[in-house]
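Enquirer: Sequence first, then the predicted structure:
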Amino acid sequence: MATEEHSEGLVFHPMDQFVVKPLFGSAGDPVHWYTITNVTLWMFLTIVAISALLVLGTRGRAVIPTKLQSVAELAYGFIYKMVEDVAGRDAVRFFPYVFTLFMFIVMSNFLGLLPTAFTTTSHLAVTVILALAVFLTVTITGFVLHGSKFLGLFWVSSAPLAIRPVLAVIEVISYFVRPVSHSIRLMGNMMAGHAVIKVFAAFAPLILLSGVGVLVTPLSILAITAMYALETLVAFIQAYVFTILTCVYLKDALHPSH
């Protein structure tokens, strides 16, 4: 938060919003694996929000749906069609898992836009777990269904024989890089947008501190509004990208041959 100091003027720290803090006790207390933190709180609230949406939205199913029912049915149908179109009908068995991923990410992203909220998907620890879960699910599924034939994913049989070994090495590297790019993409986009909003927000009270604030403050408010609208779109797009990449990886596990 922006603060005024006698000798240094306007000081703000846009990355402070991503600090993991214990929910109980002082902010300086060490954080252990069992410590209940602000991350824990907002992940719990995300689960509560998802449960409320799906349970309340489908409890009184009607021919003319309510707003909650419409949102729940739209989310269900949207992800079901994505899984079926991208990964094939035989991937529908993974629909509950893919749907859970999408709902958790999109709800975390949207809740993170609330004032004073904590965006859990802005932390690499969260996104890495999600990406590794997808990576292990895809890899294990591929070997369970196809055995050693799953390795055909790395052998580009349509390429000339002379360059197939080189392409195989590239395919193996790109395969193991998947969880890295999968997790950093989500984390980086969510963190960057919120940091930029915090920077613009720091200039909003400048009108109270100096004459230049008469010009800077309205511009900063306009910038915050524009960035907030953009982040609302990014919140959905990043959940969509993470989910559709999961479907693409599932397709590789179900149909590994090039």
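Expert: Cool, got the structure. The structure presented is a predicted model; accordingly, all values stated were derived computationally and were not measured.

Enquirer: give me the low-pLDDT residue ranges for the protein?
Expert: 1-12, 27, 207-211, 213, 257-258 (pLDDT under 70).

Enquirer: for it, what's the longest helix?
Expert: Secondary structure of the chain per DSSP state H: the longest helix is helix 213-254.

Enquirer: Who are the packing partners of it?
Expert: helix 67-87, helix 95-111, helix 124-146, helix 164-203 (3 or more Cβ pairs under 8 Å, 6 or more residues apart in numbering; DSSP states H and E). For the C-beta atoms, the positions are set from N, CA and C on the backbone; glycine is no exception.

Enquirer: and residue 34, how far is that from residue 132?
Expert: 21 Å (Cβ to Cβ, to the nearest Å).

Enquirer: And the two? Which one has more around it.
Expert: residue 132 (15 against 6; other Cβ atoms under 10 Å).

Enquirer: ok, and the closest non-adjacent residue to that one?
Expert: Spatial nearest neighbour of residue 132, chain neighbours left out: residue 179 (5.3 Å); criterion: Cβ to Cβ, 6 or more residues apart in numbering.

Enquirer: could you list every residue that touches that neighbour?
Expert: Residue 179 makes contact with 128, 131, 132, 134, 135 under the criterion Cβ atoms under 8 Å, 6 or more residues apart in numbering.

Enquirer: Can you turn the buried part of the residues you listed into a PyMOL selection?
Expert: If you want just the buried ones from the contacts of residue 179 in PyMOL, going by 16 or more other Cβ atoms under 10 Å, the selection is:
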select buried, resi 128+131+134+135
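
Enquirer: got the contacts of residue 179 as JSON lines, with distance to residue 60 columns?
Expert: Formatted as JSON lines, those follow (distance: Cβ to Cβ, whole Å):
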{"residue": "128", "distance to residue 60": "39"}
{"residue": "131", "distance to residue 60": "37"}
{"residue": "132", "distance to residue 60": "38"}
{"residue": "134", "distance to residue 60": "34"}
{"residue": "135", "distance to residue 60": "39"}
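
Enquirer: In the contacts of residue 179, find the pair that's most separated.
Expert: 128 and 134 (10.8 Å; Cβ to Cβ).

Enquirer: picking up where we left off before, and which of the contacts of residue 179 is nearest to residue 174?
Expert: residue 135 (12.4 Å).

Enquirer: mind checking the end-to-end distance for stretch 148-158?
Expert: 19 Å (Cα to Cα, to the nearest Å).

Enquirer: what does that stretch contact?
Expert: Outside stretch 148-158, the residues touching it (Cβ under 8 Å, 6+ apart) are 142-143, 146, 164, 167-168, 171-172, 175, 252-253, 256-258.

Enquirer: hang on, the earlier thing: please identify the most buried of the helices and strands packed on helix 213-254.
Expert: Greatest average neighbour count among those goes to helix 95-111 (a mean of 20), per mean count of other Cβ atoms under 10 Å.

Enquirer: coming back round to it: ok, of the contacts of residue 179, which one's closest to residue 217?
Expert: residue 128 (39.0 Å).

Enquirer: How many residues are close by the nearest residue to residue 212 once chain neighbours are set aside?
Expert: In space, residue 212 comes closest to residue 206 once its chain neighbours are excluded; the distance is 6.9 Å by Cβ to Cβ, 6+ apart. Neighbour count for residue 206, taken as other Cβ under 10 Å: 20.

Enquirer: And residue 112, by the same measure?
Expert: Residue 112 has 21 neighbouring residues, counting by other Cβ under 10 Å.

Enquirer: give me phi/psi at the closest residue to it other than its chain neighbours?
Expert: Counting by Cβ to Cβ, 6+ apart, residue 112 lies nearest to residue 119, which is 2.9 Å off, once chain neighbours are set aside. Per-residue torsions, residue 119: phi -90, psi 100 (degrees, to the nearest 10).

Enquirer: what does the one 4 residues further on give?
Expert: Here the main-chain torsion angles of residue 123 (degrees, to the nearest 10) amount to phi -110, psi 130.

Enquirer: Quick check, it in contact with residue 187.
Expert: Yes: if you go by Cβ atoms under 8 Å, residue 123 and residue 187 touch, sitting 6.7 Å apart.
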